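# With the input below, show me the fold.
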Amino acid sequence: MDVQTPAGRRVECRLRGKFRMEGLRTTNPVAVGDGVTWVEEEDGTGVITEIAPRRNRIIRRSVNLSHEAHVVAANVDRAWLVVTLVEPATSSGFVDRFLVTAEAYGVPTTLLFNKVDVLLQLGDEAEELLASWMTMYSEAGYDCLPISAKEGIGLEDVRRQMKGGIHLVSGHSGVGKSTLLNALIPGLDQKTAEVSEVHDKGKHTTTFAEMFPLDDGGFIIDTPGIKGFGLVRIEKETLHHHFPEMFRLLPDCKFHNCRHLDEPGCAVRKGLETGAVDDERYGNYRNMVEEFDEGPYRAGGTRSQGGT
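Numbering: from 1, shown residues only. Coordinates of the predicted model:
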């Protein structure tokens, strides 16, 4: 792994001994964004001797390694989740799992709805689909930006908001993360790949997370496409705290520990009737609650026709 010094020098480093952050088994004890202490060897490489405490992180449970977690990135000022409704279609279940994790670990998140140029060519139904998703998430409390990384639509807003700080770009394979980075960082030349027409899935063009400097200051963390997003160290009893629109209504519930399932006097379930809570977001919440008892999570979410 490479360590970047404050002067911008990159040094190939290895770990000394075993690290277990916060008693958690992870596939990567050191994540991109971590601050580390290291010593230089005679051959010019380095040895990492200490990992600084993290102020936040994005972490997920591997679908295939259910007992281990993977730290996507650490010490992030903002996450940018790239979502596409076609070619490929992102499910709301995946989006909500990412957002729950970001809320739980203190990472502000913006949703980038990419490939709007493709949607605009598909007619009114596709435009209505985009509008419904943006309404669903903006009313929940999230910033939403429609963009086309390929055509440059909406990228000035992204550039302006990314000045300074450390920014994580994440999402499924094929949603246009590499195209977005190439547009934001001239000369980067990240590899891109077409989406499979048979399976409507993207191909992995980034194989490991990497941090790149922005011309106007700050850094972007590029990550491999994420297929699934299992929750880590989030309790079933407090899961609803990580849905902002539900948490806002909690004081109006009859019971202070209401979980918004079948309890009488629940303001969240009343909000379903008034439109204060979106049916699909609530459905994804109930799916997550059930999965605490059932084990591996399901994709969830049907507003877009694709899965995870």
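# For my notes, confirm R60 occurs in a helix.
No. Counting by DSSP: H, G, I helix; E, B strand; the rest coil, R60 is not part of a helix but strand.
# Could I get the pLDDT score of the closest residue to it other than its chain neighbours?
Nearest non-adjacent residue to R60, counting by CB to CB, 6 or more residues apart in numbering: F229, 4.9 Å away. (Glycine included, C-beta is placed from N, CA and C.) On the pLDDT scale, F229 is placed at 87.
# F229 and F94 touch, don't they?
Yes. Assessed by CB atoms under 8 Å, F229 is found in contact with F94 at 5.8 Å.
# Next, work out how far apart the residue nearest to R60 and P53 are.
F229 sits 24 Å away from P53, going by CB to CB, to the nearest Å.
# So those two - more neighbours on which side?
Using other CB atoms under 10 Å as the criterion, F229 and P53 rank with F229 on top: 26 against 10.
# check contacts around the more buried one.
F229 makes contact with 60, 94, 97-98, 101, 308, according to CB atoms under 8 Å, 6 or more residues apart in numbering.
# can you do 10 Å?
Listed by CB atoms under 10 Å, 6 or more residues apart in numbering, the contact partners of F229 are 58-61, 63, 72, 93-101, 170, 172, 297, 299, 308.
# ditto for G275
By CB under 10 Å, 6+ apart, the neighbours of G275 are E139.
# State the distance from it to G93.
From G275 to G93 the distance is 21 Å (CB to CB).
# got it, and R286?
From R286 to G93 the distance is 11 Å (CB to CB).
# Pick out whichever of those two has more residues nearby.
G93 (25 against 13).
# so the more buried one makes contact with N284?
Yes. With contact defined as CB atoms under 10 Å, G93 counts as touching N284 (5.2 Å).
# what comes up buried for the helix or strand where L119 lies?
Here L119 is covered by helix 116-121, with elements defined by DSSP states H and E. Applying a neighbour-count criterion of 16 or more other CB atoms under 10 Å, one finds 116, 118-119 buried in helix 116-121.
# cool, stretch 145-162 as well?
145-150, 153-155, 158, 162.
# R54: what's it in contact with?
21-22, 31, 33-35, 71, 73-76, 105.
# Only the buried subset of those residues, as a ChimeraX command please.
In ChimeraX, a selection of the buried entries from the contacts of R54 looks like this (16+ other CB under 10 Å):
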select :21,31,33,34,71,73,74,75,76,105
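# hang on, the earlier thing: roughly how far apart are the residue nearest to R60 and D117?
Distance from F229 to D117, by CB to CB: 27 Å.
# circling back: any idea which of the buried residues of stretch 145-162 is closest to F219?
Distance to F219, by CB to CB, is smallest for M162 among the buried residues of stretch 145-162, at 9.3 Å.
# what are the phi and psi angles of the residue of the chain positioned farthest from its centre?
Largest separation from the mean C-alpha position in the chain: E42, at 39.3 Å (CA atoms, centre = their mean). When read as degrees, to the nearest 10, the backbone of E42 gives phi -60, psi -30.
# Ok, the one 4 residues further on next?
Note on G46: its backbone torsions stand at phi -130, psi 160 [degrees, to the nearest 10].
# count of neighbours near it?
Around G46 there are 20 residues (other CB under 10 Å).
# cool, the one 10 residues further on as well?
Summarising burial for N56: neighbours were counted as other CB under 10 Å, giving 18.
# Wait, it touches V72, no?
No. Taking contacts as CB under 10 Å, N56 lies outside contact range of V72: 11.4 Å.
# Show me the common contact partners of those two, please.
Contacts common to N56 and V72, judged by CB under 10 Å, 6+ apart, are 33, 79, 107.
# Give me the lowest-pLDDT entry from those.
Among the shared contacts of N56 and V72, G33 has the lowest pLDDT, at 93.
# Now that one. Nearest residue, chain neighbours left out?
With CB to CB, 6+ apart, the residue lying closest to G33 is A74, at 4.1 Å.
# Mind listing the residues bridging to that neighbour?
Note on A74: beta-bridge partners by DSSP bridges are R57.
# Tell me who's in contact with it.
Contacts of A74 by CB under 10 Å, 6+ apart are 21, 30-35, 51-59, 105, 107, 166, 168, 221.
# Filter these down to the ones in strands?
Among the contacts of A74, DSSP state E puts 51, 57-59, 166, 168, 221 in strands.
# List just the nearest of these to K270.
I58 (32.6 Å).
# Now the closest one. Nearest residue, chain neighbours left out?
V72 is the one closest to I58 (CB to CB, 6+ apart), at 4.2 Å.
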